[in-house]
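how does the following fold in three dimensions:
(one chain, ligands or ions: 1)
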Amino acid sequence: MRAVLAVLLVALPSATGPAPARLQVTALEFEYRLSRTRIVAGLAVIELVNLGEDEHDLRLRRVGGTRTYAIGGTLPEDRGELRARLLPGRFRLWCSLADHAERGMRAELRVVPRRTAAR
Ligand SMILES: [Cu+2]
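Next up is the predicted model:
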């Protein structure tokens, strides 16, 4: 039993991996403000903070990709969170509610390979 525990403890740091990349997206009428426009590929924690007066959401899709990540409708002064493993590439962000995207609630995020980011 002691040997098993020792193996588990040694294995933990690599199993945990690097800390996730973090991005905060602030929603306003009608724009997104990103805490950064570039994050490292891999696990990402994306937070949507609604500082506006209307409900907003967040959609995220890699250019050329088919999967759309989402944070659902978020009320004023509320927040939502999404954890996703992102591949390198250009990601488009937009609000899917009403005509918000056309009115300016869209943005672009660059997800870069770890080695590029370490430069
Ligand atoms: Cu919106």
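
confidence score at Met1?
As predicted, Met1 sits at a pLDDT of 55.

same thing with the one 10 residues further on?
What the model reports for Ala11 is a pLDDT of 52.

correct me if wrong: Ile71 contacts Leu48.
Yes. In this structure, Ile71 is within contact of Leu48 by Cβ atoms under 8 Å, at 4.6 Å. The way it works is simple: take the backbone N, C-alpha and C, and place the C-beta from them, glycine included.

for those two, indicate the residue with more neighbours.
For the pair Ile71 and Leu48, the greater number of neighbours falls to Leu48 (25 against 21), based on other Cβ atoms under 10 Å.

contacting residues around the helix or strand hosting that one?
If you go by DSSP states H and E, Leu48 is part of strand 42-50. Strand 42-50 has contacts (Cβ atoms under 8 Å, 6 or more residues apart in numbering) with 17-18, 20-27, 56-58, 60, 69, 71, 74-86, 111, 114.

which of these count as buried?
For the contacts of strand 42-50, a burial check counting by 16 or more other Cβ atoms under 10 Å picks out 20-21, 23, 25-27, 56-58, 60, 69, 71, 74, 79-80, 82, 86, 111.

now stretch 65-76: average pLDDT?
Averaged across stretch 65-76, pLDDT comes to 98.

go on, stretch 20-38?
pLDDT averaged over stretch 20-38 gives 98.

can you give the contact residues for it?
39-54, 56, 58, 74, 83, 86, 93, 95, 100, 103-112, 117.

these: which ones sit near the ion?
Applying Cβ under 5 Å from the ion to the contacts of stretch 20-38, one finds that His56, Cys95, His100, Met105 fall near the ion.

need the contact list for the third one.
By Cβ under 8 Å, 6+ apart, the contact list for His100 reads Phe30, Asp54, His56, Trp94.

for the protein, which residues are neighbours of the ion?
Counting by Cβ under 5 Å from the ion, the chain comes close to the ion at His56, Cys95, Leu97, His100, Met105.

quick check: the farthest pair among those residues?
Greatest spacing in the residues of the chain next to the ion, by Cβ to Cβ: Leu97 and Met105 (8.3 Å).
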